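> with the input below, show me the fold.
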Amino acid sequence: MRFYLAFALIVAGASAFAQQGSAPSAQPSAPAAQTVPTDAQNPPENPRTAQPGTAGLPNAPGQATGTTPATAQPAIPASQQQPKRILGFMPNYRAVSAGAIPPPPTPKEAFKLAAQNSFDYSSFLFVGLTSLLAKGTDAHPQLGKGPAGLWAYTWRGFIDKTDGNYLVLFALPTVFHEDERYFARGQGGIWKRGIYAGSRVLITPNYHGRNTFNTSEILGRGIAQGISLAYYPSADQNLGDLSEKFGYAIGRDALTNVFREFWPDIATHVLHRHP
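Take a look at the predicted model:
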């Protein structure tokens, strides 16, 4: 957990530097004599009907507040676009660029999203790294040491990650009609954006665009921990250990969302490259 806390502080610090170094962009004003067609005056339509945010938190960016018909979505600046991969290897298929209004995913699309997050080559690298850390700290002494112990950590870590992905991104969202993609905010203060990003593990839009409690995330991670009782040593099957693993999984997803939110700023203003 200390690793992820340090990681979050690095992201927030880099984002602050990015925002301090970037000048605000001027908003062009429309000519006074220009006649705008009626359809162009309406905002882009969200295929889902949106309502105000839950518990005082903002709606996901791009969610409409009405059902006004629309014709096209506005262009998304390059500096706010979410790439398919971060740094060329980290999968980011779950992210939606700030201002984009995609329709709800179909069950087939949700299944594909879960598969991409589970079987991408970088997922194996991530599982290998976390398994090494767990083995190095002797998190589960009963799993042993040496190559055999590392393998015992690795295959269990892979199952933890994979069944959690399919529950959170595909199975439960299909049942509860929740959209588990991350809708980037892209604008606003650092704290406001950071709180928004982290809170998406608790709040998510449903298929109608209304913010709702993120049942798929919370219940999905909980079920995954229940499944893990079948393959972790009996000494680790107590409420305290399960609660710690559950909190780790939720915290990891929250920190990942924060990183997704600020990555375009870091790439554009710090690394001077396209996201």
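> and Arg273, what pLDDT?
In this model, Arg273 is scored at 82, pLDDT.
> any idea how far the closest residue to it other than its chain neighbours lies from Val96?
Spatial nearest neighbour of Arg273, excluding adjacent residues (Cβ to Cβ, 6 or more residues apart in numbering): Ala267 at 5.4 Å. (C-beta placed from N, C-alpha, C; glycine too.) Noted for Ala267: a distance of 17 Å to Val96, by Cβ to Cβ, to the nearest Å.
> repeat for Pro107
Taken as Cβ to Cβ, the span from Pro107 to Val96 is 18 Å.
> equivalent analysis for Pro275, please.
13 Å.
> likewise Ala148?
42 Å.
> again, but for Gly209
Relative to Val96, Gly209 is positioned 13 Å away (Cβ to Cβ).
> so between these two, which is more surrounded?
Of the pair Gly209 and Val96, Gly209 is the one with more neighbours under other Cβ atoms under 10 Å, namely 22 against 18.
> tell me the SS of that one?
Here Gly209 is recorded as coil under DSSP: H, G, I helix; E, B strand; the rest coil.
> for it, give its distance to Asp179.
For Gly209, the distance to Asp179 - Cβ to Cβ - is 9 Å.
> helices along the stretch 51-200 of the chain, start to end?
107-119, 121-136, 146-166, 172-176, 190-199 (DSSP state H, counting those that start in this stretch).
> contacts only, for Tyr166.
Phe111, Ala114, Ser118 (Cβ atoms under 8 Å, 6 or more residues apart in numbering).
> which among those residues gets closest to Gly189?
Nearest to Gly189 out of these is Ala114 (Cβ to Cβ; 33.0 Å).
> now for Pro275 and Val96: what residues contact both?
With Cβ under 8 Å, 6+ apart as the test, Pro275 and Val96 both reach Gln82.
> hmm, back to that, mean pLDDT for the helices of the stretch 51-200 of the chain: which is lowest?
helix 121-136 (a mean of 91).
> tell me what that one is packed against?
Applying 3 or more Cβ pairs under 8 Å, 6 or more residues apart in numbering; DSSP states H and E, we find helix 121-136 packed against strand 90-91, helix 146-166.
> quick one: which of the ones you listed is nearest Ala197?
Among those, strand 90-91 sits nearest to Ala197 (Cβ to Cβ), with 15.9 Å.
> listing partners with orientation, what would you give for that closest one?
strand 85-86 (antiparallel) (DSSP bridges).
> which SS class is Thr204?
Thr204 ends up strand, using three-state DSSP.
> quickly list what it is bridged to.
Thr212.
> so which of the contacts of Tyr166 wins on neighbours?
Ala114 (24 neighbours).
> Glu261 versus that residue, what's the distance?
Taken as Cβ to Cβ, the span from Ala114 to Glu261 is 22 Å.
> again with Ala171
From Ala171 to Glu261 the distance is 26 Å (Cβ to Cβ).
> please apply the same query to Lys192.
On the measure of Cβ to Cβ, Lys192 and Glu261 end up 11 Å apart.
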